[in-house]
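Undergrad: Pasted the sequence and its predicted model underneath.
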Protein chains: 2
Amino acid sequence: MNIIEINKVLSNETRLNILKWLKDPEAHFPPHNDINHFNDGVCVQYIGDKAGLSQSTISQYLTMMQKAGLIIPTRHGKWTYYKRNEKLIKQYIQFLDKSL
Amino acid sequence: MNIIEINKVLSNETRLNILKWLKDPEAHFPPHNDINHFNDGVCVQYIGDKAGLSQSTISQYLTMMQKAGLIIPTRHGKWTYYKRNEKLIKQYIQFLDKSL
DNA sequence: TTGACAATTCGATTATTGTCGATATAATAA
DNA sequence: TTATTATATCGACAATAATCGAATTGTCAA
C-alpha cells in the first residue's frame, strides 16, 4: 500500500467522487440488466457519463485508481466492471489513523 | 475542512514526513534552548535542515500545510514555530472513515 | 538606525497532472 | 470475416506543482 500514491489519486474531485459513487451503485447508476446486478461493480461508460469527462480520461482515472489498489476490475465480455476494494480502503484509513 | 486540499498536501513525501516528525519533535529535532521546549512546535530552519530542501521550498510547504489546516504557526520574535493541529487531523481521519 | 538573521514572497524553470481526440485492441454479433 | 461497440493506450497541449535563488519583510540587538 503506497500512501503517497493513494493520496494523489484522492486529491482529484472526480476520482474521489467515483470512489463514493461505487459505494452505492444502485443510487448513482442505471441498472445493468444483463449482468448480475452490480455484483462486479459498474462499467466504464456509466461512470464516464456520470462524471461528464471524456471516455479516455475516465479510463485513465480508473486505471490509476486500480494501480493504487482502490478498485478492482472484472471483465465480462466487452465490458469492464469496476468495484471498490473495500479491504484496501479500510487498511488505508487504519494506516492513516496510526501513522498520521 | 477541504478534503481535496488536504489530500494534495499529503501526496508529497516531504510534507507527509514533516507532519510525522512534528508528532515527536524531541526525537527528530535539536532542542530549542531558549523558547519553552517545543510547546509551540519547531522552527522553520530545523524543519528545512531535516528535510534537506531549500529554505524557500520549506516555507512554502509549511504555508500550504497551514492553509489546509494541518499545522499551526506561532511567532516568537524572529522565529516562526509550527506545530500540528491535532484536532483537524483527527477530524480529517474521521471524515475519511465516514465518507470514503 | 543600522546589521544581522529568520521567514516569506517573487520570478523563473523543469516536472507532473488534467484532459482531450485519435488510434489501437478486444470481444461480440451479423 | 467484417462491422460494431467497449475499453485502453498514445500523443499533444494547457494547467498546476516542485523547486530553486534572489529580493523583501519582520524582529531584535548593537
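TA: Noted; the coordinates are in hand.
Undergrad: Just list whatever residues bridge to residue A:72.
TA: Beta-bridge pairing of residue A:72 under DSSP bridges involves residue A:83.
Undergrad: Tell me how far it lies from residue B:73.
TA: From residue A:72 over to residue B:73 the distance is 42 Å, taken as Cβ to Cβ, to the nearest Å. The way it works is simple: take the backbone N, C-alpha and C, and place the C-beta from them, glycine included.
Undergrad: Spell out which residues of chain A are next to chain B.
TA: Proximity of chain A to chain B (Cβ under 8 Å from any Cβ of the partner chain) is limited to residues A:3-4, A:7-8, A:10-13, A:16, A:19-20, A:89, A:93, A:96-97, A:99-100.
Undergrad: Helix, strand, or coil at the closest residue to residue A:99 other than its chain neighbours?
TA: Leaving aside its sequence neighbours, residue A:99 sits nearest to residue B:20 (Cβ to Cβ, 6 or more residues apart in numbering or on different chains; 6.9 Å). Here residue B:20 is helix, with the state taken from DSSP: H, G, I helix; E, B strand; the rest coil.
Undergrad: Contact residues of chain A facing DNA strand C?
TA: Contact residues (Cβ under 7 Å from any atom of the strand) of chain A with DNA strand C: A:8, A:11-12, A:14, A:53-57, A:60, A:75, A:77-78.
Undergrad: 6 Å instead?
TA: For chain A, the residues in contact with DNA strand C under the definition Cβ under 6 Å from any atom of the strand are A:8, A:12, A:14, A:53-54, A:56-57, A:60, A:77-78.
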